[in-house]
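J.: Just need the structure, nothing else, for what follows:
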Amino acid sequence: MITDDELHRLAVFLGSCAMMMIVLYHFLEVNAKDDGAELDASADQKVPGVSQETAAAAAAVGSSS
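T.: Numbering: from 1, shown residues only. So this is what the prediction gives:
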């Protein structure tokens, strides 16, 4: 049978693991890059040396995926 001390240690360990996973999830979510939004925003901006056809093609590729 499990003792009270073992149960306490198990609960603390599992609770700590759960909190670390929550913090890790939020860290990864905040630092994730959204490729679609960046591509749409870059297609709207005019870049010197890039033709309008190239910008339109980049926007079309971004919207198809």
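
J.: For residue 58, the count of nearby residues, please.
T.: 15 (other CB atoms under 10 Å). The way it works is simple: take the backbone N, C-alpha and C, and place the C-beta from them, glycine included.

J.: pLDDT below threshold where in the protein?
T.: 37-52, 54-55, 62-65 (pLDDT under 70).

J.: residue ranges of the helices in it, please?
T.: Counting by DSSP state H, residue ranges of the helices within the chain are 4-31, 35-44, 52-64.

J.: and residue 32, backbone torsions?
T.: phi -70, psi 140 (degrees, to the nearest 10).

J.: Can you name the residues that contact it?
T.: Under the criterion of CB atoms under 8 Å, 6 or more residues apart in numbering, residue 32 has no contact partners.

J.: any idea how far it is from residue 22?
T.: Separation of residue 32 from residue 22 (CB to CB, to the nearest Å) stands at 16 Å.

J.: With residue 29 instead?
T.: From residue 29 to residue 22 the distance is 11 Å (CB to CB).

J.: and if you look at residue 1?
T.: 32 Å.

J.: Between those two, point out the one with more neighbours.
T.: residue 22 (10 against 3).

J.: residues touching that one, list them.
T.: Residue 22 makes contact with no residue under the criterion CB under 8 Å, 6+ apart.

J.: distance of it from residue 9?
T.: Using CB to CB, residue 22 is found at 21 Å from residue 9.
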